[in-house]
Structure formats: structure tokens, C-alpha cells
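J.: show me the folded form of this:
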Amino acid sequence: MNKETYELMENYMRSCMGDSAHDQEHIYRVLYNALDIARTEEKVDYDILIAACLLHDIGRKEQFENPDLCHAKVGGDKAYCFLTEHGFASDYAEQVKQCIRTHRYRRDTQPQSLEARILFDADKLDVAGAIGIARTLIYKGAVSEPLYSVSPDKEVLTGENDTAPSFFQEYKYKLEKLYSDFYTNRAAEIAGERQQSAIDFYNALYHEACTPYQNGRKELEKRLE
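T.: Have a look, this model is predicted:
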């Protein structure tokens with residue numbers, strides 16, 4: 001891929017980004033993670049990989065506006081149209097499309113090609129560790145979801161088995177469990193390096209959230225006697 005082609009795709013990507021949790025810096029981190037992973041693999045098609053990384057989240061706006069849509073499917077279709085309209089071969093555009101369509105963490109469809117698997121791992125890494133915690137908090141704030149839920153007897157819920165969305169619920173449902181089942185050894189290695197920082201943050205936040213309820217609530221009850 002030459003610089004002109006890269007900039008064409010990069011500029012289109014930038015025009016599609018509007019979600020602060022999935023901004024252009026997220027795209028670059030995924031791309032750089034993917035290139036780090038790719039150097040440990042053989043026979044990687046970098047033209048497909050770089051394009052798929054740059055364009056993998058261009059369907060986010062549509063999903064944000066209509067949660068019934070899947071940004072991976074929308075983004076794959078948009079990427080295919082963009083590439084073919086700019087003179088790229090349909091076979092190339094289709095391979096990029098398939099990478100994008102299978103990159104989403106919560107999907108039954110598994111990535112098939114090496115490039116698709118690298119993209120999947122690279123994107124998943126950006127939900128790991130401290131950066132994953134920060135991005136999740138940004139997103140939860142953007143959609144007006146709370147840090148945690150409280151039980152009827154005023155206990156802070158851990159997020160385990162919660163039905164109401166919150167940061168704690170997302171941590172238990174997704175963030176805590178994503179450190180296994182990577183397709184590439186390099187991605188698994190990077191994820192392992194990040195795992196403890198996420199655990200420490202969750203534990204500290206849960207402790208600090210619980211303390212006022214445990215101590216201050218007793219004081220309130222005394223004052224209301």
C-alpha cells in the first residue's frame with residue numbers, strides 16, 4: 001500500500017468518526033496493535049490488513065443512531081462501496097469487507113482469514129487493561145448509563161448477573177472475561193500484560209463505591225431516628 005492509498009482511506013475513516021470511545025485514536029491503536037501482531041505471523045496481506053483496520057469502525061455512527069444495526073455489518077458494506085467506487089478490485093474490497101464484518105467481539109460469526117483474525121485480536125486488545133476501562137467509562141457516560149446499580153436494600157451490586165446496564169455490569173459481562181481466546185499468540189501476550197491493571201481498577205472502584213453506603217447510610221439512619 002502506498003502513502004496516497006493510505007491517506008485516501010484514512011481521510012474517509014476520519015469523516016466517519018464521531019464517537020469519543022471509538023474515535024480516530026482508537027483506530028490508530030487498533031492499526032498499530034495489528035501491525036505488532038502481524039510481524040509475528042507469516043504471509044500477512046498488509047494491503048488487506050491496513051485497510052480493514054482503518055475502516056473497521058466506519059459503521060459506528062449508524063449503530064449509535066439505531067442500536068438495532070450492527071456496526072460491523074454496516075461498516076463492511078460501507079467499506080466495500082467506498083473501495084469499489086474508488087477503483088479497487090471487487091475481490092480486494094470483499095476481503096476487506098469480511099474482515100470488518102467479523103471483527104466484533106459479540107458476534108457468532110468467526111473471522112476466517114489471517115487478516116480478519118489479526119483485526120479481531122487488535123480490536124479486542126483495545127478493550128483490555130486501563131485503556132479498555134477508560135473507553136468503557138467514556139461510552140457509558142455518552143449513553144447516560146451509571147457506574148453501578150443498587151439493590152432494593154441499598155447495597156452496591158457487583159455487576160455479576162445484573163440486568164440493568166452499568167459500568168460494573170459491562171465489566172462482569174465482558175471486560176473481565178476477554179483475556180482468553182485470542183487467535184494470535186502475540187495478542188494473548190499483550191492482553192496478559194494488561195489484565196492486572198483492569199482487575200485493580202475494578203476492585204478499587206467497587207470498594208470506594210461501597211464504603212459510603214456502608215458507613216454513611218448508618219449515620220443517616222441515626223439522624224433520622
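J.: the host helix or strand of residue 91: which residues count as buried?
T.: Per DSSP states H and E: residue 91 is located in helix 90-101. The neighbour-count check on helix 90-101 (16 or more other C-beta atoms under 10 Å) flags 92-93, 95-101 as buried. To be clear about C-beta, it is placed using only N, CA and C from the backbone, and glycine gets the same treatment.
J.: I'd like these as CSV, with pLDDT and distance to residue 152 appended.
T.: Converted to CSV, the buried residues of helix 90-101 look like this (pLDDT from 0 to 100; distance: C-beta to C-beta, whole Å):
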residue, pLDDT, distance to residue 152
92, 98, 56
93, 98, 53
95, 98, 52
96, 98, 50
97, 98, 48
98, 97, 47
99, 97, 46
100, 97, 43
101, 95, 42
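J.: which one of those is nearest to residue 26?
T.: Using C-beta to C-beta, residue 100 comes nearest to residue 26 of the buried residues of helix 90-101, at 14.4 Å.
J.: mind giving me the packing neighbours of whichever helix or strand residue 15 is part of?
T.: Applying DSSP H and E as the criterion places residue 15 in helix 3-16. With contacts taken as 3 or more C-beta pairs under 8 Å, 6 or more residues apart in numbering; DSSP states H and E, helix 3-16 sits against helix 24-38, helix 46-55.
J.: alpha carbons only: can I get that helix in PDB?
T.: Extracted in PDB, the C-alpha atoms of helix 3-16 (Å, rounded to 0.1, in the frame of the first residue of the first chain):
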ATOM      1  CA  LYS A   3       1.100   6.600   1.000                       C
ATOM      2  CA  GLU A   4      -1.600   8.000  -1.300                       C
ATOM      3  CA  THR A   5      -3.800   5.000  -0.900                       C
ATOM      4  CA  TYR A   6      -3.300   5.000   2.900                       C
ATOM      5  CA  GLU A   7      -4.300   8.700   3.100                       C
ATOM      6  CA  LEU A   8      -7.400   8.100   0.900                       C
ATOM      7  CA  MET A   9      -8.700   5.500   3.400                       C
ATOM      8  CA  GLU A  10      -7.500   7.500   6.400                       C
ATOM      9  CA  ASN A  11      -9.400  10.600   5.300                       C
ATOM     10  CA  TYR A  12     -12.600   8.600   4.700                       C
ATOM     11  CA  MET A  13     -12.200   7.000   8.100                       C
ATOM     12  CA  ARG A  14     -11.900  10.400   9.800                       C
ATOM     13  CA  SER A  15     -15.000  11.600   8.100                       C
ATOM     14  CA  CYS A  16     -17.000   8.800   9.600                       C
END
